[in-house]
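Peer 1: Structure for this input, please:
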Amino acid sequence: MEKKNLELAIQLRHELHAHPELSNHEVWTKQRLIDFLNENTKLEIVDKGRWFYAIYRSKVGKRNIAFRADFDALPIEETIDLSYRSRFPGVSHKCGHDGHSATLCGFALEVDQKGSDNNIFFLFQHAEETGDGAAECAVFIKENNIDEIFAWHNMSGFPYNTVHVIDGTAHCASKGMSIQMEGVPSHASEPEKGINPAFAIAKLIDAIPGFINSANNKGLVLCTIVQVDIGAKAFGVNASKGALRMTIRALYEEEMDRLQQNLEDLAKMEAEKYGLKVSFEYQDEFPETANHKESSDKIRQVCNEKGLQIVELTEAFRGSEDFGHYTKLTKGSYCYIGNGEDYPNLHSYQYDFNDGVIETAVELLKGLAEK
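Peer 2: This next block holds a predicted model:
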C-alpha cells in the first residue's frame, strides 16, 4: 500500500472516530466518507440516502466484485484519552467500524490509482449493529449484478495481522423476540376474579430447555432470557400484563425459525387456556452469515500469495452479523484480521481500532479484487 494512501486512511479513521454516530443516524459520517472519496478519487458515487457506494469501472470489466464496510458506532462512553477521542458523550466507535470504513477508502485510493481488471464496488453500509443496514442495502446486489462480495472485521484475541476464515456459517442467526400477554386485573385478595399471565409465562420459560436441547437440533440453538416483566410493585393488585423478552439464536437460520415457531405456538396455546391476549414483537434481526467455500478459498489463495498468515476457524461466532443478507443473494465470504491476542476486546471501554491492521486489510482486498 502506498505510504501516502495509508496516512490518508489513518487520518480519516481518526476523524471518523471523533464523530461517532449511532445506527440509522450516521449523517456526518456518510457525508465525510463521500467527501473523502470525491476529494481523493475519480470514482463514481451513488448516494442511496442512509448509505452509498462508489464504483471503479474497468476498461476490461470482467466481473463485478463488491467490498463492504460498516460505519455506525455504539452507545458506549469514550473513557480513554485519545487525541481524536469521541466528541459526543455516550457514543463511540468501540467496534472498529471507523477502521473498516477508513480501510475501504484506503483500498479505493489504491484501485483508483492503479486500476483493476474487474469492476469494483465499494459499499458503505449504515446500521450494522442493529441489523437494519444490510437488509436495506441488499438491493445493491441485484441492481448491480454483483458476482461476489467480501467483507472483514477486526478481531481482538487473535494474533496480530493474522487472517482468519471459515467455510459455511461464520455468524449465527439471531433476533430479539418479545411475547406480550394481557389478562384481567383484580384485587390481590381475589385472584380468581382476574386473569394473571404469570402462569402462562412460567410455562413458556419451563419449555425453553427442551426446545434448545442439542438432541433436538443439528446445530447450536440458544434462547437467552433478557427480561421477564409481569405486573408492578403493587401488593394489592393481581397482575394482568406481562412480557417475556428473549434473544433467540442458532447456527442455522432454519432452526432459529423453528424455535420461534415453537415459542409462538406454545404461547398461543397457553394464552387460549388461560383466556389471555397474546402478541409478538421482533427486533435486531440478523440472518445466518454463511460463507461460500469458493469465496473463502480466494481469501486463502490471496493470503498465500502475499505471505499473510491464514488461520482456519473451527466454529462460527455466536454473535451475529448482517452480512448474511448479501451472501443469500450472491457468492461471498466474511473474514477476520487479528488486533492481537491481548488487545482490548471489542465493545469494551479500553478498545480503539488498531491502525496497524489497515495495510494488511487493504493488501488482502487488493488481491481479492483481481480474482
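Peer 1: And the residue most central in space within the chain, how far from residue 287?
Peer 2: The centroid of the chain falls nearest to residue 321 when counting by C-alpha atoms, centre = their mean (3.0 Å). Using C-beta to C-beta, to the nearest Å, residue 321 is found at 9 Å from residue 287. Placement of C-beta: from N, CA and C, glycine included.
Peer 1: Thought residue 67 was touching residue 100, still the case?
Peer 2: No: look at residue 100 against residue 67 with C-beta atoms under 8 Å: they stay out of range, at 10.1 Å.
Peer 1: Now the common contact residues for those two.
Peer 2: Shared contacts of residue 100 and residue 67, defined by C-beta atoms under 8 Å, 6 or more residues apart in numbering, are found at residue 151.
Peer 1: Now the residue nearest to the centre of the chain: closest residue in space that isn't a chain neighbour?
Peer 2: Nearest non-adjacent residue to residue 321, counting by C-beta to C-beta, 6 or more residues apart in numbering: residue 171, 4.2 Å away.
Peer 1: Against residue 83, how distant is the one you found?
Peer 2: 33 Å.
Peer 1: Which one's more surrounded, these two?
Peer 2: Neighbours were counted for residue 171 and for residue 83 using other C-beta atoms under 10 Å; residue 171 has more, 25 against 6.
Peer 1: Which secondary structure state is assigned to the residue nearest to the centre of the chain?
Peer 2: Following DSSP: H, G, I helix; E, B strand; the rest coil, residue 321 is assigned to coil.
Peer 1: show me the contacts for it.
Peer 2: With C-beta under 8 Å, 6+ apart, residue 321 has these contacts: 128, 153, 170, 171, 286, 289, 334.
Peer 1: Just among these, which is most surrounded?
Peer 2: The most crowded member of the contacts of residue 321, judged by other C-beta under 10 Å, is residue 289 (28 neighbours).
Peer 1: So that residue versus residue 144, what's the distance?
Peer 2: 20 Å.
Peer 1: Then residue 204?
Peer 2: Distance from residue 204 to residue 144, counting by C-beta to C-beta: 44 Å.
Peer 1: Neighbour count: the two, which is higher?
Peer 2: Legend: neighbour count by other C-beta under 10 Å for residue 204 and residue 144, higher for residue 204 (20 against 17).
Peer 1: list the contacts for the closest residue to residue 311 other than its chain neighbours?
Peer 2: Leaving aside its chain neighbours, residue 311 sits nearest to residue 164 (4.7 Å; criterion: C-beta to C-beta, 6+ apart). Going by C-beta under 8 Å, 6+ apart, residue 164 touches 155, 158, 310, 311, 312, 313, 335, 336, 337, 338.
Peer 1: And for residue 339, the neighbour number?
Peer 2: Using other C-beta under 10 Å: residue 339 sits among 26 other residues.
Peer 1: mind listing what it touches?
Peer 2: Counting by C-beta under 8 Å, 6+ apart, residue 339 touches 154, 155, 156, 157, 158, 160, 354, 357.
Peer 1: next one: residue 276
Peer 2: Shown in contact with residue 276 (C-beta under 8 Å, 6+ apart): 181, 182, 183, 195, 197, 200, 270.
Peer 1: Residue 328 against residue 287, yeah?
Peer 2: Yes: the pair residue 328 and residue 287 qualifies as a contact (C-beta under 8 Å) at a distance of 6.6 Å.
Peer 1: who has more neighbours, those two?
Peer 2: Taking neighbours as other C-beta under 10 Å, residue 328 and residue 287 compare with residue 287 leading, 25 against 15.
Peer 1: and the closest residue to that one other than its chain neighbours, what does it touch?
Peer 2: The shortest distance from residue 287 to any non-neighbouring residue, by C-beta to C-beta, 6+ apart, is to residue 324 (3.7 Å). By C-beta under 8 Å, 6+ apart, the contact set of residue 324 is 134, 171, 173, 286, 287, 288, 289, 290.
Peer 1: Just these: which are in helices?
Peer 2: residue 134 (DSSP state H).
Peer 1: can you list the contacts of residue 324 in a markdown table and add pLDDT?
Peer 2: Shown next, in a markdown table, are these (pLDDT from 0 to 100):
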| residue | pLDDT |
| --- | --- |
| 134 | 98 |
| 171 | 98 |
| 173 | 98 |
| 286 | 97 |
| 287 | 96 |
| 288 | 96 |
| 289 | 97 |
| 290 | 97 |
